[in-house]
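>>> 3D, please:
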Amino acid sequence: MARHNELGAWGEKVAREYLLTQGYAIGGENTRIGNYEIDFIAMKDDRIVFVEVKTRSTDYVDPLEAVDSRKRARLVRAADEYIRSMNIRLEPQFDIITVVGSPEKYEIEHFPDAFFPPLRSY
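Numbers count the residues shown, from 1 in each chain. Have a look, this model is predicted:
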């Protein structure tokens, strides 16, 4: 496994443990929807939560910057398809979790409701 893949897998493990301690129930991990992968599909309160995890070894580059408008649009499309295919009637929420560091020392930040899906105009 390439080093960046190992780092990403480690970051997702850290994020998973964090979500569980915060009361999230995880229903899916690395779920493929079409050409996109949703890192975590979770439930909390009366919401279905789609979580994108970004991991970096240093804080030289802000991991939040990697969740640009294109990435957000793809996540929203995948979430929409998932919600429709599973006939889910819960309000969606989009969270971002960033993990910066290494297993020896790291920082985790959680951004609940990090963005809202754009409204379609007809």
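>>> In stretch 86-96, which residues have enough neighbours to count as buried?
Neighbour counts over stretch 86-96 (16 or more other Cβ atoms under 10 Å) mark 92, 93, 94, 95, 96 as buried. All C-beta atoms are positioned from the backbone trio N, CA, C, and that covers glycine.
>>> same check, this time on stretch 18-30
18, 19, 24, 29.
>>> Return the distance of the residue nearest to the third one when sequence neighbours are not counted relative to residue 26.
By that I understand residue 24. Leaving out its chain neighbours, the residue that sits closest to residue 24 by Cβ to Cβ, 6 or more residues apart in numbering is residue 42, at 4.2 Å. Per Cβ to Cβ, to the nearest Å, residue 42 is found 5 Å from residue 26.
>>> shared neighbours, the two?
residue 19 (Cβ atoms under 8 Å, 6 or more residues apart in numbering).
>>> circling back to that earlier point, mind checking which helix or strand the residue nearest to residue 24 is in?
Per DSSP states H and E, residue 42 falls inside strand 36-44.
>>> Determine the set of other helices and strands touching whatever helix or strand residue 54 lives in.
Using DSSP H and E, residue 54 falls within strand 47-56. On a contact count with 3 or more Cβ pairs under 8 Å, 6 or more residues apart in numbering; DSSP states H and E, strand 47-56 meets helix 3-21, strand 36-44, helix 69-86, strand 91-102.
>>> Tell me if I'm right that residue 112 and residue 97 touch.
No. Counting by Cβ atoms under 8 Å, residue 112 does not reach residue 97; the two are 9.5 Å apart.
>>> quick one, which of these two is more surrounded?
Comparing residue 112 with residue 97 by other Cβ atoms under 10 Å, the one with more neighbours is residue 97, at 25 against 15.
>>> how much space is there between the more buried one and residue 50?
From residue 97 over to residue 50 (counting by Cβ to Cβ), the distance is 12 Å.
>>> Centre-most residue in the chain?
residue 52 (1.7 Å; Cα atoms, centre = their mean).
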